[in-house]
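>>> I'll drop the sequence and a predicted model, then ask my questions.
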Amino acid sequence: MLTRYSRARRIGVLLCCATPAAWAADAGNAFNPKMSLVLQGTFADYQHDRPLSFGGFLLDPETEARPEGFSLGETELAVESNIDDLWHGWAAISFENNAQGDSSVSVEEAYVNTLTLPEGLAFKMGRFFSDIGYQNRQHSHAWDFVEAPLVYQAFYAGQLDDDGLQLKWVAPTDVFLEFGAEATRGANYPSGGNHRSGVNGETAFVHLGGDVGIDYSYRLGASYLHGDSHDRQSNDSSDDSDSGNTYLFTGKSDIVGLDGVMKWAPQGNATRRNALLQAEVFRRHESGDVTLGDDSATTAYRGNAIGAYVQGVVQFMPRWRVGARYDWLSADNQVPNNADGAFDIVADDGHDATRESLMADYSRSEFSRLRLQFNHDDSRADGSTDNQILLQYIFSLGSHPAHVF
Amino acid sequence: MTHSPCFSLYRALKASVVLAALTLSMPASAALKIFACEPEWGALAKELGGSDVDVYTATTAQQDPHQIQPRPSLLARFRQSDLSVCTGAELEIGWLPVLMQSAGNPKIQSGQPGYFEASSAVTMLEVPTHLDRADGDVHPYGNPHIQTDPRNIGKVAKALAQRLADLDGAHAADYAKRAADFDARWSAAVAKWALQAAPLKDQPVITYHKEWAYLFDWLGIKLAGTLEPKPGIPPSAAHLQDLLNGLKTQPAKMILYSAYQDNRAATWLSDRAKLPAVQLPFTVGGDKGTDDLLGLYQVTIDKLLAGLKASAP
């Protein structure tokens, strides 16, 4: 009995199974972790090639639009394996080029999580995509549109990724009910800056999900984030000149969010036709001080912002999907000391950012995807609109990808 | 405001636990809770477990077992189970690992006694000697559709009954008794089906996916081609035309597809090649009269024989 289980455990390291003959044949590398490499690239055509700027928003300097023309997107190398009977590890290393063509290597995720804590508990530590919201924990190659929604770009610099701890608990109920909390370094937007000792980012979330009949399934979520910033840096990218100001924010950010996704598949069989409807809304309150980077002026700042998106994607026949998304973002800020217009970046909050997107994609197999997307973009602070065409490829090499709901 | 990590987690946790306690009612069932990945294993667990088990079947015959999403409802059931019964051999690679990692259930992780893999009890067919994604979505540990041969059900039943007895020692004698009873009924049925199916021997047929390898191995049916150009790649017009042309020199008797597969490619070829297109149940619940395992194979054999009769010149 014991030997049978220990053999099963050995095979379990690969998260799969084998007949004895099959695993004996490749015993030399049977313990190698699962690896995958995701290749992405885009071609973008804009009427006006300008940096991102949303009226009334301080953005993270790394929040950028896809570069115009051909560009290699993020190339992601992911490695995962069970470590022992308690721990599982995952790392995703990203190789990226920014709009200036500079390449960078970054650790997107690197965490270990427990497999065998009792009573529905799971603990994670390291760097990970937060479980707030719905899209946040999806890697960019799993997104249904080329770029993150405007609200994610404005509130989370695209995606909330931080170093810390996470604890989750799944309730023993037939309806899926999950509670979780994270305590993080607060190194990334909307937290950031100096004094990163202790915990500067805290989140809590709850997820509820289930099926409606055999054709529909859903997940609803609510989330809360508190972030502390000390001299968190933002650049003024609203004009094309390189002389843009730098702004430093010191204060706190609180974000509450609601998210929901509903999926349809006839008879629960998504192979031929399926559809999803997904929506998220986040409301942010920030309060603190904003200082010019050269220390020449400072102001108190209280900001309320709200952003949302709704998107629908339909696979109407095998391999082919079409989708539409509507994005919206709005700010209402109080900036008492803006006599000489030094803080127009937060004071000019009159223009609500919107964007409508349409996409179509083709997947020859579940390892490849080609996408065409069209945006009507009215997100820039100056109110100018832009029509954008994006072409994207996403290819996945190596071990079989797991699908997340 | 900066807190220590412990304090922050504690504060958030306290709120979560209070909320959770308000929403819960603990079920008080003593039966062994089984999470069956596929309907055939759910049906087998019911045969062997009787009233000592409470079986939840995660998928239906109308769903492609390769393409299941780890839906929240599956996660909630997986979390509460004492034993999961799955095919293994990477059939569930797209979704089971997600459930294992997210459900916080130590009992049914792979390698634990609460994780039972049916494919470990049988001899795998079509184990590739060479792995290349250009060959389609191949399964490195062999063809995972083991339930299409009823002799495999007999082998899995013995191993599963033993596992049930190991996990639930108090009812070990009941599991052994049901297993012996099932084995007697099953052996007789398999012998009867083999006799009934004798005319199918050496008959060439076209299938949708390579999902009938074990059935064909049992009955001696010959695979003449697949509607999918490669495993996991949907049928294309060009490939179907090639199949149609090939049938002129190498005829086949019928076209087989499963309850969860699109019937359009089979119908297209059936109309042009004048061959019967036969929908087989593939697993329990895939057709009328297939609510249990005995019905599943009887309907499968009956439909195959009817298809053969319809194709006779």
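Right, received. Where do you want to start? Residues are numbered from 1 along each chain as shown, chains lettered A, B, ... in the order given.
>>> who's in contact with residue A:357?
Taking Cβ atoms under 8 Å, 6 or more residues apart in numbering or on different chains as the criterion, residue A:357 is in contact with A:145, A:323-327, A:373-376. (Glycine included, C-beta is placed from N, CA and C.)
>>> ranking those by neighbours, who comes first?
Counting neighbours by other Cβ atoms under 10 Å in any protein chain shown, the top entry in those is residue A:327, with 27 neighbours.
>>> sec struct for it, please.
The three-state label given to residue A:327 by DSSP: H, G, I helix; E, B strand; the rest coil is strand.
>>> Return the helix or strand in the chain with minimum mean pLDDT.
Using chain A. helix A:2-12 (a mean of 39; mean pLDDT, DSSP states H and E).
>>> think we crossed wires, I meant chain B
Result, chain B / mean pLDDT, DSSP H and E: helix B:5-23, a mean of 52.
>>> on contacts alone, who are the packing partners of the following helix or strand past it?
Per DSSP states H and E, helix B:5-23 leads on to strand B:32-36 as the next helix or strand towards the C-terminus. Contact partners of strand B:32-36 among helices and strands, from 3 or more Cβ pairs under 8 Å, 6 or more residues apart in numbering or on different chains; DSSP states H and E: helix B:39-49, strand B:53-57, strand B:83-86.
>>> just the ones you listed: most buried one?
Among those, strand B:83-86 has the highest mean neighbour count (mean count of other Cβ atoms under 10 Å in any protein chain shown), at a mean of 28.
>>> Give the pairing partners of that one; include direction for each.
Partner strands for strand B:83-86, per DSSP bridges, with pairing direction: strand B:32-36 (parallel), strand B:115-117 (parallel).
>>> low pLDDT regions in the stretch 51-200 of chain A?
Applying pLDDT under 70 to the stretch 51-200 of chain A picks out residues A:99, A:101.
>>> circling back: of all pairs in the contacts of residue A:357, which one is the farthest apart?
Checked with Cβ to Cβ, the contacts of residue A:357 reach their widest spread between A:323 and A:376, with 14.7 Å between them.
>>> picking up where we left off before, can I get the strands paired with strand B:83-86 in CSV with mean neighbour count?
Supplementary listing: these in CSV, determined by neighbours: other Cβ atoms under 10 Å in any protein chain shown:
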stretch, mean neighbour count
strand B:32-36, 24
strand B:115-117, 25
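>>> could you dump these to a markdown table with mean pLDDT and distance to residue B:292?
Rendered in a markdown table, the data for the strands paired with strand B:83-86 read as follows (pLDDT from 0 to 100; distance: least, Cβ to Cβ, whole Å):
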| stretch | mean pLDDT | distance to residue B:292 |
| --- | --- | --- |
| strand B:32-36 | 96 | 14 |
| strand B:115-117 | 96 | 20 |
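>>> out of the ones you listed, which comes closest to residue B:158?
Taking Cβ to Cβ as the measure, those were each checked against residue B:158, and strand B:115-117 came out nearest at 12.2 Å.
>>> So what touches the helix or strand following the closest one?
Beyond strand B:115-117 on the C-terminal side, the first helix or strand identified by DSSP H and E is helix B:150-167. Applying Cβ under 8 Å, 6+ apart, the external contacts of helix B:150-167 come out as A:1, B:32, B:40-41, B:44-45, B:47-49, B:52-53, B:82-83, B:85, B:113-114, B:116, B:118, B:120-122, B:146-147, B:171-172, B:175-176, B:178-179, B:182-183, B:186-187, B:189-190, B:193, B:214, B:218, B:293, B:297.
>>> Where do the domain boundaries of the chain fall?
Picking chain A for this. According to automatic domain parsing, chain A comprises the domains A:1-29, A:33-398.
>>> Let me rephrase: I mean chain B.
Taking automatic domain parsing as the reference, chain B has its domains at B:32-192, B:197-311.
>>> Of the ones you listed, which is nearest residue A:60?
domain B:32-192 (29.3 Å).
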